[in-house]
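Visitor: let's see this in three dimensions:
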Amino acid sequence: MIIAGLTGGIATGKSTVSAILKECGASIIDADLIAHAVVKKGLEAYERIAAHFGTQILLPDGEINRPRLGNIVFNHPDEKEMLNQIVHPFVFEEMERQIREFERKNPASVVISDIPLLIESGMHKNFSEIILVYIPEYLQIQRLMIRDDLCATQANTRIRAQMPIEEKKRFATMIIDNSDSLENTRNQTIAVYQQLRR
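Guide: Residues are numbered from 1 along each chain as shown. Modelled structure (predicted):
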């Protein structure tokens, strides 16, 4: 079984590449989906988040108000670190479970671990192959402003909260440049998948 890490920066198009890899036949482990699942009301991660951040980050139904929590952690690095310390162990545990399940079902499969903070969390050390979805920062800002309806200052703040995309290139073993057409990105992604299969 081949296990590769997939990462990028905010608004670089990682979800698009992940979807193409899935079409090619790869098994996808989505850290974002897992992170959403492990903080559901009543679970241990949820209880720890509510205890630390207080009721200000809860919706009327008791679930976590993601935009409000996101606003706090994007503007306060120490709070972001605290959130990561709470959530990451639960995410990693579920990812390991899914890897074991994929291996049991198909020992020859290509498994892609789609992890936004792959490098920042240090998890890149666990993978022999690191796929980076890349676009230049100026394009990141433009796309993020359009995608999330943000002003330039807000977009910059969110991008600055992550490791610079140029710095991430140093850790990548494969780079998919998503700054051109979707067809171009698709062709690069298929080539990466075929390389992993080999």
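
Visitor: when you work out contacts or count neighbours from here on, use the C-alpha atoms and nothing else.
Guide: Noted.

Visitor: and residue 118, what helix or strand is that in?
Guide: Secondary structure from DSSP states H and E places residue 118 outside every helix and strand.

Visitor: now it. Nearest residue, chain neighbours left out?
Guide: Spatial nearest neighbour of residue 118, excluding adjacent residues (C-alpha to C-alpha, 6 or more residues apart in numbering): residue 124 at 5.5 Å.

Visitor: tell me how many other residues surround that neighbour.
Guide: Residue 124: 20 surrounding residues under other C-alpha atoms under 10 Å.

Visitor: so that it lines up with my notes, have the first residue be 25 from now on.
Guide: In the new count, where the first residue is 25, that last one comes out as residue 148.

Visitor: quick check: it touching residue 139?
Guide: No: with contacts counted by C-alpha atoms under 8 Å, residue 148 stays clear of residue 139, the gap being 9.4 Å.

Visitor: list the residues that contact both of the two?
Guide: Taking C-alpha atoms under 8 Å, 6 or more residues apart in numbering as the criterion, residue 148 and residue 139 both touch residue 29.

Visitor: can you tell me the SS state at the residue nearest the centre of the chain?
Guide: Centroid-nearest residue in the chain: residue 140, 2.2 Å away (criterion: C-alpha atoms, centre = their mean). Three-state call for residue 140 (DSSP: H, G, I helix; E, B strand; the rest coil): coil.

Visitor: verify the contact between it and residue 33 for me.
Guide: Yes: proximity of residue 140 to residue 33 meets the contact threshold set by C-alpha under 8 Å, at 6.9 Å.

Visitor: residue 40 and residue 140, how far apart?
Guide: 13 Å (C-alpha to C-alpha, to the nearest Å).

Visitor: return the residues in contact with residue 160.
Guide: Taking C-alpha under 8 Å, 6+ apart, one finds 189-190, 203 in contact with residue 160.

Visitor: so which of these sit within strands?
Guide: Taking DSSP state E, every one of these sits outside strands.

Visitor: show me where this structure has its helices.
Guide: 38-48, 55-62, 68-77, 90-99, 101-129, 161-172, 176-184, 189-192, 206-221 (DSSP state H).
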